[in-house]
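>>> Give me the fold of what follows.
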Amino acid sequence: MNGTYVITEYEEKIMGFLLDEKKLVSAEYFSEDDFLYNIYSAKVIDYVPSIGAAFLDAGLSDTLYYPLKENEDKHLYIKHGKKDSLRPGDEILIQVSKSPIKTKKAEASSDISFTGNYVVINRSGRINISKKIHDKDKVNKLKEELLKLLPEENIYNSGIILRTAAQEADIDAVISEANLLLKHQMEVIKKGLNSVPFKLIDSSSEDHISFVKKLIIRKCYDEFTVITDRADILKGLKAGIDVGPVNIKFYSDDMVSLLNLYGIEDKLSKAMARKVYLKSGGYLIIDPTEALTVIDVNSGKSQGGKKDKDDYLLKLNKEAFDKILDTIKLRNISGIIIVDFMNIKDKDKYLEMISYIKTNAKKDNLLTYVDMTSLGLCELTRKKTKKPLAEIL
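Have a look, this model is predicted:
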């Protein structure tokens, strides 16, 4: 499969558009004001046990939401009062784990983590291995070497996740990266614990370069091209991308814009519409609300015979779910998602549909199948990380 990443200006923003062959699969905007994954020294300004959260001031434009259960026993205190638990006035080190979305505040975590090409360094205190790595001998060797990197007195409870990309990588390269990131984590935490409140300790925000490098490392494409009409972006790409293979191009035709060359505006308009058509003639109606997103599957002009109606509906629902996966990833729809599929009466075909949904939902590591309600509605949840595309645009 061939991939193309187009970086150009769209609606007064520098955006990156990823195409699988000619299909638009993601639209990325990396703002200079984005503070996702940045690490700050923050002050607890409110403690609300009734909602299981505290609110922090990190010197940003708004307070940060800090879930207590997820961060239990992980607090990194800079200054702590004479109390048994976290309280207003305490100063802690945190990392922004989720961007603000609509009316929801950005979220903070004490799990200070750093993501590399082959490993993720976190504060789990354990070595975890991606289930997609099947070479047991290599896994055992890597695990043995990674355990040696963790300090005997693991005061920050450092841990390591071995990513899928490590399967094809040289063992020395994996160990070297893990060692560097572990040292960086410890240096950042040590620096943060000796700082004052409201200070940026480390900037880890993603940009176009890091996004492209992830795609290359994961070997998502047989051939991969990055093209831009911005000289400043081109310079950064050539200097920052030290992995390969990738073809970096500069586009300088004044007659036809990059957006028009790849038909991006038309693709984006169709993908962001309330009514999204399926190849079979059916269509989706997508209605985002403040609390959740509702998706209705309709047969439209697509018709099946009376004898094989459930076979036809099963095929339509599978096609609809594939389109739903593409759409929610492109739009970055998150939170609760309710899907009203076409009603299948045959029990075996109904169960086949559910099995298909469960299996294919795993293609998006942010998406989780929850259940089918008593009304036959499909419940999904998708982890919130970045702002939805509709909000950015």
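>>> where does the stretch 251-393 of the chain have low pLDDT?
Low-confidence segments of the stretch 251-393 of the chain (pLDDT under 70): 302-307.
>>> quick one: the nearest residue to F30 once chain neighbours are set aside from L366, how far?
Of all residues not flanking F30 in the chain, D207 sits nearest, at 4.8 Å (CB to CB, 6 or more residues apart in numbering). All C-beta atoms are positioned from the backbone trio N, CA, C, and that covers glycine. D207 is 20 Å from L366, where distance means CB to CB, to the nearest Å.
>>> One more: S269?
For S269, the distance to L366 - CB to CB - is 25 Å.
>>> Ok, D90 next?
31 Å.
>>> Of these two, which one has the most company?
When D90 and L366 are compared for neighbours, D90 comes out ahead with 21 against 15, by other CB atoms under 10 Å.
>>> who touches that one in this structure?
Contact analysis of D90 by CB atoms under 8 Å, 6 or more residues apart in numbering lists K43, V44, H75, Y77, K79, H80, G81.
>>> cool, and I392?
Per CB under 8 Å, 6+ apart, neighbours of I392: K13, Y29.
>>> Number the chain from 25, please
Will do, 25 is the new start, and the previous item becomes I416.
>>> roughly how far apart are it and P91?
From I416 to P91 the distance is 25 Å (CB to CB).
>>> hmm, back to that, now rank the contacts of D114 by neighbours and give me the top one.
Highest neighbour count within the contacts of D114: V68, with 22 neighbours (other CB under 10 Å).
>>> hang on, that one packs against R111?
Yes: if you go by CB atoms under 8 Å, V68 and R111 touch, sitting 6.7 Å apart.
>>> Tell me where the model's unsure across the stretch 125-274 of the chain.
Short version for the stretch 125-274 of the chain, where the test is pLDDT under 70: 229.
>>> For it, which segments count as helices?
Assigned by DSSP state H, counting those that start in this stretch, the helices in the stretch 125-274 of the chain fall at 160-173, 195-217, 232-241, 255-264.
>>> would JSON lines of the ones you listed with distance to S276 and mean neighbour count be doable?
Converted to JSON lines, the helices of the stretch 125-274 of the chain look like this (distance: least, CB to CB, whole Å; neighbours: other CB atoms under 10 Å):
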{"stretch": "helix 160-173", "distance to S276": "45", "mean neighbour count": "14"}
{"stretch": "helix 195-217", "distance to S276": "37", "mean neighbour count": "17"}
{"stretch": "helix 232-241", "distance to S276": "19", "mean neighbour count": "18"}
{"stretch": "helix 255-264", "distance to S276": "9", "mean neighbour count": "14"}
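>>> Determine which of these approaches A77 most closely.
helix 195-217 (21.3 Å; CB to CB).
>>> For the closest one, list the C-alpha coordinates in PDB.
Written as PDB, here are the backbone C-alpha positions of helix 195-217 (Å, rounded to 0.1, in the frame of the first residue of the first chain):
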ATOM      1  CA  ILE A 195      17.900  -5.600  20.000                       C
ATOM      2  CA  ASP A 196      20.800  -3.200  20.600                       C
ATOM      3  CA  ALA A 197      18.700  -0.300  19.100                       C
ATOM      4  CA  VAL A 198      15.800  -1.200  21.300                       C
ATOM      5  CA  ILE A 199      17.900  -1.300  24.500                       C
ATOM      6  CA  SER A 200      19.700   1.900  23.600                       C
ATOM      7  CA  GLU A 201      16.400   3.800  23.100                       C
ATOM      8  CA  ALA A 202      15.000   2.400  26.300                       C
ATOM      9  CA  ASN A 203      18.100   3.400  28.200                       C
ATOM     10  CA  LEU A 204      18.000   7.000  26.800                       C
ATOM     11  CA  LEU A 205      14.300   7.500  27.500                       C
ATOM     12  CA  LEU A 206      14.600   6.100  31.100                       C
ATOM     13  CA  LYS A 207      17.500   8.500  31.800                       C
ATOM     14  CA  HIS A 208      15.400  11.300  30.300                       C
ATOM     15  CA  GLN A 209      12.400  10.400  32.500                       C
ATOM     16  CA  MET A 210      14.500  10.400  35.600                       C
ATOM     17  CA  GLU A 211      16.200  13.700  34.800                       C
ATOM     18  CA  VAL A 212      12.800  15.400  34.000                       C
ATOM     19  CA  ILE A 213      11.200  14.100  37.200                       C
ATOM     20  CA  LYS A 214      14.200  15.100  39.300                       C
ATOM     21  CA  LYS A 215      14.200  18.600  37.700                       C
ATOM     22  CA  GLY A 216      10.400  18.900  38.200                       C
ATOM     23  CA  LEU A 217      10.600  17.900  41.900                       C
END
